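Novice: Quick one, structure for this:
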Amino acid sequence: MHIYHDIFREGKVNEMLKKALLLAIIVLVLTVAPLTPVPPVLASDPTTTITINKYDTDGETVIDQVTVDYEYMKDNLPVQGNGITHYYHQGPTFDYDNLWDPGEMVNIDSRDYGAVMGTDVKDLCELLTGGGAATGDEIEIKSPDGFTKRFAYEDVYNPEPEQGKMVITWYQADFGFVPNYDTGMRLVFFAETTNPEGKYVFGDWDMHETLAEEYWHYYVNYPDFWPSSSGLSVKWVSEINIYSSGGSSVNTASDSLVARANVVLQSIGIALNRDTIDFGNIAPGQNSAVEPVSIFNTGSNTVSVTLEVSADSDTAEDFYERSLYIDEELYNGGTVIANVGVLGTQTVDTQLRVPADWTEAGLQEAQFIFWAESPG
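Specialist: Take a look at the predicted model:
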């Protein structure tokens, strides 16, 4: 069994709304009857179009939308990059004495995203007929597999040189255009500053200095949280979502004054100790091995955790509803499976007990989505 760690932590949650936050996904592959081994597949295919959505202040109502493909971008919008200069992000240092690595020298070459070209996220936002984002808005970058990252308006519209423009790349010199560019379309930060080796790196320390804390990315190997700017480089981008704060994107003449307030947001966050489970080959009437999953509370509130199983087909949906047990209880999507205090950990046992009358052979795949919500 292979377990791959690529767990992420999100920061900000509106406590007043008590919205659950998607924290991690576990993909399960189960074989009911022996099969020839299947080679691994990508989580998603290269994307060639992007839909830009602007949401009203309720976060649900789409008030403007446009879809463009990469050919429109390269032919009609300013092209970022020259197909020669390489751009880098940074992975974890795994060194407590050099946690943020201001020199941008550790774990850089493995995050060389190549000689890429693409389109500024800002320019894509501005394609909306009613205007793009406004001060106070959040801008979300999303891939078809559900992976998302959010950023503040300032990060997209007025980036600092150490961060550089946020670019959706659709060309990589070694592969060409998407879909041949197999990790495209990809979000890459085009840092304008270099490390001592002359490489254009958006490093972990750059992330620390240019982004608000709630937008930092960590590689989690609990209890260790390792800063890693590479986690912000979303692959297979298919959507850009603007979440409106109610501000106006129209500039008008005005007088001004300076006001300050320090608002501390309560946060809800969890992380898992694994991101994959393979229950193996199981025949009808048999049980799988028990597979424990540890849930870590990374936020500032006690959380109640529920589990949602999102299956790839009606057959798989029925399979997990009949076969999945959590701590000896049959799966029920509305049931709280854990209550975890601040900085606490709780482990739940997952197991498949295949009904004896199950008749569908083959792979049954699903995503396990753990939702955290403040019980208060």
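Novice: if I look at V188, how far off is Y331?
Specialist: Counting by CB to CB, to the nearest Å, the gap from V188 to Y331 is 39 Å. Where C-beta positions appear, they are placed from N, C-alpha and C, glycine not excepted.
Novice: I meant M185, not that one.
Specialist: Distance, M185 to Y331, by CB to CB: 36 Å.
Novice: And these two? Which one has more around it.
Specialist: Per other CB atoms under 10 Å, whichever of M185 and Y331 has more neighbours is M185, with 30 against 19.
Novice: got a list of what that one touches?
Specialist: By CB atoms under 8 Å, 6 or more residues apart in numbering, the contact set of M185 is 46-48, 50, 70, 118, 168-170, 178, 236-238.
Novice: again, only using 6 Å
Specialist: With contact set as CB atoms under 6 Å, 6 or more residues apart in numbering, M185 has these partners: T47, I168, W170, V178, V237.
Novice: swap in E192?
Specialist: E192 makes contacts with P161, G164, as judged by CB under 6 Å, 6+ apart.
Novice: give me the number of residues near P46?
Specialist: There are 20 residues near P46, going by other CB under 10 Å.
Novice: before we move on, what about the one 4 residues further on?
Specialist: A total of 25 residues lie near I50 under the criterion other CB under 10 Å.
Novice: Among the contacts of M185, which one lies nearest to T302?
Specialist: Among the contacts of M185, V237 lies closest to T302 (CB to CB), at 34.6 Å.
Novice: Against G83, how distant is the closest residue to that closest one other than its chain neighbours?
Specialist: Nearest residue to V237, sequence neighbours excluded (CB to CB, 6 or more residues apart in numbering): M185, at 4.7 Å. Noted for M185: a distance of 15 Å to G83, by CB to CB.
Novice: Let me know the pLDDT of R150.
Specialist: Here, the pLDDT recorded for R150 equals 95.
Novice: pretty sure it contacts E138?
Specialist: Yes - the pair R150 and E138 qualifies as a contact (CB atoms under 6 Å) at a distance of 5.0 Å.
Novice: Between those two, which has more neighbouring residues?
Specialist: E138 (21 against 17).
Novice: Which strand residues bridge that one?
Specialist: Beta-bridge pairing for E138 (DSSP bridges): A152, Y243.
Novice: Kindly provide the distance from it to E154.
Specialist: Distance of E138 to E154, given as CB to CB: 11 Å.
Novice: What of P196?
Specialist: For P196, the distance to E154 - CB to CB - is 28 Å.
Novice: higher neighbour count, these two?
Specialist: Using other CB under 10 Å, the more surrounded residue of P196 and E154 is E154, with 15 against 8.
Novice: quick one: the more buried one is in a helix?
Specialist: Yes - under DSSP: H, G, I helix; E, B strand; the rest coil, E154 falls within a helix.
Novice: what about the residue lying closest to it once chain neighbours are set aside, neighbour count?
Specialist: With sequence-adjacent residues excluded and distances taken as CB to CB, 6+ apart, E154 is closest to T135, at 7.7 Å. Counted by other CB under 10 Å, the residues lying close to T135 total 13.
Novice: now the one 5 residues further on
Specialist: E140 is surrounded by 16 other residues when neighbours are defined as other CB under 10 Å.
Novice: R150 is in contact with that one, correct?
Specialist: Yes - taking contacts as CB under 6 Å, E140 lies within contact range of R150: 4.7 Å.
Novice: pLDDT at the closest residue to E197 other than its chain neighbours, what is it?
Specialist: Leaving aside its sequence neighbours, E197 sits nearest to M105 (CB to CB, 6+ apart; 7.4 Å). Listed pLDDT for M105 reads 97.
Novice: which SSE is M105 in?
Specialist: For M105, there is no enclosing helix or strand under DSSP states H and E.
Novice: and which of the contacts of M185 is nearest to D278?
Specialist: Out of those, the member with the shortest distance to D278 (by CB to CB) is T47, at 27.4 Å.
Novice: which SS state does the closest one fall under?
Specialist: T47 ends up coil, using three-state DSSP.
Novice: got a list of what it touches?
Specialist: Neighbouring residues of T47 by CB under 6 Å, 6+ apart: M185, W236, S238.
Novice: The last one reaches P144, doesn't it?
Specialist: Yes - applying CB under 6 Å as the test, S238 and P144 come out as touching, 5.0 Å apart.
Novice: neighbour-wise, which of the two wins?
Specialist: S238 (18 against 13).
Novice: can you pull the pLDDT of that one?
Specialist: 96.
Novice: What segments of this protein are helices?
Specialist: Secondary structure of the chain (DSSP state H): helices located at 70-76, 121-125, 153-157, 204-210, 314-323.
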